[in-house]
Structure formats: structure tokens, C-alpha cells
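Asker: Build me a structure from this.
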Amino acid sequence: MEETISNIENREYHEIFNYISPPLTKSFQLGNSLKDRIMYNQIEELEELKKIEKSNKLNYDEYCELLPKLNLNIGDTNTKFISQHLIKIKDYNTMYQLLLQTPPFNNLPALQLYTYCRNICNKPISEKEFNKINADMNLLKKNTERYEISKPKFKNIKSEIIF
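Answerer: Residues are numbered from 1 along each chain as shown. The predicted model follows:
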């Protein structure tokens with residue numbers, strides 16, 4: 001069982017898994033949903049927030065909210081300013097964030113939107129990368145299924161606490 005978990009944790013996955021969520025079994029989904037209940041060092045986080053508040057820099061979330069508002073038409077054309085700039089500098093990550101908030105594109109599945117952003121930024125996904133993505137998906141499916149089969153089952157346990 002430890003081997004399957006280490007196979008999942010120690011693998012270097014393709015960057016697409018930052019944008020799409022892989023298919024996980026019920027126990028992993030439950031664990032991910034309960035992750036925010038885990039105690040953390042709140043003092044360090046508050047100190048980091050104070051440092052961020054002192055600086056006048058935008059954080060990434062504010063930046064992503066501003067992108068669609070700045071995406072104005074250039075002159076009389078339908079070319080958008082920010083989109084054109086992102087295509088010129090080939091920044092498909094920011095283009096993904098922008099199109100995720102743009103009405104016709106926000107209905108696309110995450111994988112298709114990611115490949116579209118890579119294509120319009122002239123960095124298409126190679127066949128080697130597609131094979132890596134498929135291998136990572138298959139590995140995740142196989143190891144999570146193997147974990148589900150071999151995980152300990154706690155049924156019909158009789159316990160007694162004596163004080």
C-alpha cells in the first residue's frame with residue numbers, strides 16, 4: 001500500500017495537471033475535500049499576509065481578475081490587446097487564465113482549453129507530451145484503484161475503552 005502512495009506522490013507529472021483534476025477514487029476525493037480542515041501554522045501565514053499588504057504589488061488572483069477588463073479592442077479591429085500581447089510573448093499559462101473567464105471559452109473542458117491556448121501561442125503539445133499525459137493519467141488510475149483494493153477496511157470492529 002505504501003508503494004502505491006509513493007508512486008502517486010513521488011512522480012513528476014506533466015504541467016497540465018495544474019489545470020485539470022485527474023480522476024480520483026472516492027477515498028482520495030474525500031481526503032482532498034477534508035484537506036482544508038488540517039491545522040496549519042497560522043502565525044506564519046499572518047506574517048506573510050502582513051508582508052504582502054505592505055507591498056503595493058498585485059497578487060496573482062487580483063491580476064487574473066483584471067485581465068479580462070484590460071482586454072480591449074485595438075482600434076477598429078476585433079483583435080484584443082491583452083490576447084495579442086500574450087500570443088506575441090507566447091505566454092499560454094496567462095492566456096489560459098484569461099480564456100477561462102471569457103464567455104465562449106469558459107464552457108470548454110479544461111484539457112481542450114489548455115491545448116487551444118498552447119496552439120494559439122504557437123507552442124502546440126507534442127506527441128511526446130500527449131503520451132506523457134496519458135501515461136500519467138493511467139498511472140493515477142491504476143495506483144488509486146490498487147490503493148482502493150488494498151486499503152484497510154474497518155468493518156465490524158468491536159472495541160472497548162476501560163478507564
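Asker: drop to CA atoms for contacts and neighbour counts, all remaining ones
Answerer: OK.
Asker: roughly how far apart are the residue nearest the centre of the chain and Ile125?
Answerer: With distances taken as Cα atoms, centre = their mean, the residue of the chain nearest its centroid is Asn18 (2.9 Å). In this view, Asn18 and Ile125 are 15 Å apart by Cα to Cα, to the nearest Å.
Asker: what do you get for Tyr63?
Answerer: 26 Å.
Asker: Please enumerate the helices of the chain.
Answerer: 2-9, 26-33, 42-54, 60-70, 81-89, 92-100, 110-120, 127-150 (DSSP state H).
Asker: Using JSON lines, lay out those together with distance to Glu160, mean neighbour count and mean pLDDT.
Answerer: Shown next, in JSON lines, are the helices of the chain (distance: least, Cα to Cα, whole Å; neighbours: other Cα atoms under 10 Å; pLDDT from 0 to 100):
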{"stretch": "helix 2-9", "distance to Glu160": "29", "mean neighbour count": "13", "mean pLDDT": "60"}
{"stretch": "helix 26-33", "distance to Glu160": "27", "mean neighbour count": "12", "mean pLDDT": "73"}
{"stretch": "helix 42-54", "distance to Glu160": "37", "mean neighbour count": "11", "mean pLDDT": "72"}
{"stretch": "helix 60-70", "distance to Glu160": "50", "mean neighbour count": "13", "mean pLDDT": "70"}
{"stretch": "helix 81-89", "distance to Glu160": "64", "mean neighbour count": "16", "mean pLDDT": "80"}
{"stretch": "helix 92-100", "distance to Glu160": "54", "mean neighbour count": "20", "mean pLDDT": "84"}
{"stretch": "helix 110-120", "distance to Glu160": "50", "mean neighbour count": "18", "mean pLDDT": "88"}
{"stretch": "helix 127-150", "distance to Glu160": "26", "mean neighbour count": "15", "mean pLDDT": "82"}
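Asker: ok, and the closest non-adjacent residue to Asp91?
Answerer: Once flanking residues are discounted, Asp91 sits nearest to Cys121: 6.8 Å by Cα to Cα, 6 or more residues apart in numbering.
Asker: residues in contact with the one you found?
Answerer: Leu86, Ile87, Lys88, Lys90, Asp91, Tyr92 (Cα atoms under 8 Å, 6 or more residues apart in numbering).
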